[in-house]
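>>> task: produce atomic coordinates for the following.
(chains A and B)
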Amino acid sequence: MSLYSDHILRHVPSFSRILVASSILRIALIIYSEWHDAHSIVKYTDVDYRVFSDAARFMLHPSPDNRAEGPLAAYFNFGSPYTRATYRYTPLLAVLLAPNEWVHPSFGKFLFAAADIVAGVLMHNLLLSIVLPDGSRIPQKNVTENASSGAADAKNREEALRRRATFLVSLHLLNPLVFTISTRGSSESVLSLFVLATLYYALKGNWDLSAVLLGLSTHWKIYPFIYGVACLGVIGREHGAGGGLTGYLRSILNRGTARFGLISGMTFLACGVAMYAIWGQPFLEESYLYHLHRLDHRHNFSPYFYLVYLTYPSAQDGLSLEASSWKRLLRSPLTSFIPQMVLALGTGLLFGRRKEDLVFTWTVQTFVFVVFNKVCTSQYFLWYTLFLPLLLPRLSMSGRRALAYGAVWIGTQALWLSEAYKLEFLGQNVFFGLWARGLVYVVGNCWVLAGIIDSYTES
Amino acid sequence: MPLATFSSSLDAQGFHFTLSTIVNVSSRDDHCTFHLLLELDPHVYADQYELAQRPEYTSLVWGDADLERPVSAVHPDGSVLLVTTHKHVTLRAQATNFTVDVPLHARYGRPTETSGAAFHPITLKHPIGFFACIDDSKWVCRPIVVPELLKPYASYPGWPPLPLFLVKDSSPNEQLQLVIPVGVREDLAWVDVGTAITMTVMFFYLLFASIRTARRLAGNKSHAKTE
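Predicted coordinates for the structure are as follows:
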């Protein structure tokens, strides 16, 4: 059964009803989280939310041991959000959550939930204005074939389009992964909104605004910089001309690409300079430099965790295990970084040719980035599932195949999670098994991604 | 001075567990608060931010309380945790029991060389319970001495004021032990090669899938142009 079969679309309510239902669901969950956390040792709220909230509190309540350290800190009476251990984000996040102190501790959760909703509105707009009208693979059998009434036909087509758009957006707004992550207090929805807004303006052809939002997204979390490559590819083809090497070089470096790169780079720099001016070196260390040399030894979906744990440098002598040169090569950070970057950036160049392909390109780039990353938690999946409602109309695959991909994607996670539970909560020695399941997770996800790539069709 | 005893137990499985201490108070004093001091092995740590969420007590941590590193990367001296209950023992007439639950976590232990010894037992030192009593004129004319057991900690910043009265541990022989699994260095050969091969094969698999699709899309475009 196709996703767009009349059986399904007939029952799809209006977009405003979906928005209201999504909002009520999130409000209810946030209220429930307050009750649950007050009555249970095991909290509904994510540990990260406590980190953000504590950071906001430290920022608002300076003390001799807690001061902003930037060159302009004296002009602002701020504490440092980095006084909070494990806070590794931009100070802007702590600023956003300042109302947790003034209004209510759950303010941040409402903010993150609101970001979900706004993202849904943006998606709906994109689907109605660009993605669906671009001749996506939609069966026409549910459109009335009444030649005598062209206006009625147009109205029916418009109605069908609206129902499809609403159905696709509800895959995001009513996705349990999405609403539980935001109502538990994870800030991923804020970055998702920035990334979606970047895409929105790129698809609308407003490259200047898209560049600003890309700079802001990259300031928020580094990985969105990979989208810049695809954007440059698209702009380059719009502005560049001619064949051969000269034409290719002209498509990479021309007025359009230079302008986009400059605006995006300047936005990123401006955000960084502003944060550094107030919060100084700790901002650079915790927000960016930490991620260059972080060693995540605790179990996570990435199979690299076990290698990191077994070779973790000792505090006493600062050395890791002695190893032969080929082992040192295998364990080198570059061995994981190079394939990740080649694929993440390479697919951006390969597929970033037309604006219409940006959704597909960014999905592939993000998926690759997450699968090949040295650390991976469930929240990272949001980075690429965000694009699925916009991508689905361009995928040509049977329902059976789609179900198989979904089953493998979920199944590999379930396989890993069941083993992780035994380690974390039952104390069983399943390190090797967990590592092996990490490999299964990588292989399974790569198979799913290859299937998505193979089934992509242009408008 | 309040009269009391306490007993602690540990129900530990996995990397997250709770040290549960039941305090039996036979007579209470308005001016005293109960404190529980735990000297933690470097394999075990308390998350001070998690403890701050507990409404029934406040806490202080001294030493290396890093939340993210394995045991091989932290100071071998571990840390010291002081829990101070909010419940002031006030009534003189009636006995009261209360429980202090302290959530603790285990770090990943040092990997062992072979799978034969793939678990590491950790025995926690029994906590020291004591009362700190303040603002009572009874104590003015008596010399105030730090109990011997607490002397090593008396100079820590934030240490409660004197006088301090030790509370008897009614279960000193009960072992507070947990066992954590540890990694096995023997696995490194498989992990090194297995991870590298899998990631390399998947890299080329996706590379070819991407090039194949890019060619298909380019072919579609030139076909469309021809038409």
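
>>> what's the domain layout of chain B?
B:3-181, B:185-226 (automatic domain parsing).

>>> can I get those domains in CSV including mean pLDDT and distance to chain A?
All C-beta spots, glycine's among them, are computed from the backbone N, C-alpha and C. Formatted as CSV, these follow (pLDDT from 0 to 100; distance: least, C-beta to the nearest C-beta, whole Å):
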stretch, mean pLDDT, distance to chain A
domain B:3-181, 84, 4
domain B:185-226, 90, 4
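
>>> okay if I get these as a markdown table plus mean neighbour count?
Shown next, in a markdown table, are the domains of chain B (neighbours: other C-beta atoms under 10 Å in any protein chain shown):
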| stretch | mean neighbour count |
| --- | --- |
| domain B:3-181 | 16 |
| domain B:185-226 | 15 |
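
>>> now residue A:372: closest residue in space, sequence neighbours ignored.
Leaving aside its sequence neighbours, residue A:372 sits nearest to residue A:340 (C-beta to C-beta, 6 or more residues apart in numbering or on different chains; 3.8 Å).

>>> hmm, back to that, now the domains of chain B in JSON lines, please, with extra columns for distance to residue A:265.
Putting the domains of chain B into JSON lines (distance: least, C-beta to C-beta, whole Å) gives the following:
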{"stretch": "domain B:3-181", "distance to residue A:265": "32"}
{"stretch": "domain B:185-226", "distance to residue A:265": "27"}
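
>>> and residue A:290, which of those is closest to it?
Residue A:290 sits nearest to domain B:3-181 of all the domains of chain B, at 10.5 Å, using C-beta to C-beta.

>>> got a list of contacts for stretch A:100-117?
With contacts defined as C-beta atoms under 8 Å, 6 or more residues apart in numbering or on different chains, stretch A:100-117 is touched by A:19, A:22-23, A:26-27, A:30, A:33-34, A:45, A:49, A:52-53, A:56-57, A:60, A:96-97, A:99, A:173, A:178-179, A:182-190, A:192-193.

>>> just the ones in helices from these, please.
Of the contacts of stretch A:100-117, the ones assigned to helices by DSSP state H are A:19, A:22-23, A:26-27, A:30, A:33-34, A:49, A:52-53, A:56-57, A:60, A:96, A:99, A:173, A:178-179, A:182-183, A:188-190, A:192-193.

>>> can you pull the residues of the stretch 1-150 of chain A lying near chain B?
A:41, A:47, A:50-51, A:54, A:84-86 (C-beta under 8 Å from any C-beta of the partner chain).

>>> would you map the strands across the stretch 151-300 of chain A?
Using DSSP state E, counting those that start in this stretch, the stretch 151-300 of chain A contains no strands.

>>> same deal with chain B?
B:3-13, B:16-27, B:32-40, B:44-45, B:57-63, B:79-85, B:96-106, B:119-123, B:128-133, B:164-169, B:177-181 (DSSP state E).

>>> what lines up beside the last one in the sheet?
Going back to what we said before, that points to strand B:177-181. strand B:119-123 (antiparallel) (DSSP bridges).

>>> let me know the angle separating the partner strand from strand B:3-13.
170 degrees (axes from the mean of the first three to the mean of the last three C-alpha atoms, to 10 degrees).

>>> can you tell me how far the residue nearest the centre of chain A is from chain B?
For chain A, the residue nearest the mean C-alpha position is residue A:383 (2.0 Å; C-alpha atoms, centre = their mean). In this structure, residue A:383 and chain B are 17 Å apart, going by C-beta to the nearest C-beta, to the nearest Å.

>>> check which helix or strand that residue maps to.
helix A:382-385 (DSSP states H and E).

>>> residue contacts, the nearest residue to residue A:87 once chain neighbours are set aside?
Sequence neighbours aside, residue A:55 is the residue nearest to residue A:87 in space, at 4.3 Å (criterion: C-beta to C-beta, 6+ apart). The contact partners of residue A:55, by C-beta under 8 Å, 6+ apart, come to A:81-84, A:87, A:89, A:93-94, A:97.

>>> circling back to that earlier point, now the strands of chain B in TSV, with distance to residue A:103?
Output for the strands of chain B, formatted as TSV (distance: least, C-beta to C-beta, whole Å):
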stretch	distance to residue A:103
strand B:3-13	39
strand B:16-27	32
strand B:32-40	33
strand B:44-45	33
strand B:57-63	25
strand B:79-85	30
strand B:96-106	29
strand B:119-123	43
strand B:128-133	37
strand B:164-169	42
strand B:177-181	42
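
>>> and of those strands, who's closest to residue A:422?
Here strand B:177-181 is closest among the strands of chain B (C-beta to C-beta), at 9.4 Å.

>>> which of the three states applies to residue A:115?
Assigned by DSSP: H, G, I helix; E, B strand; the rest coil, the conformation of residue A:115 is helix.

>>> just give me the neighbour total for it.
Neighbours of residue A:115 under the rule other C-beta atoms under 10 Å in any protein chain shown: 21.
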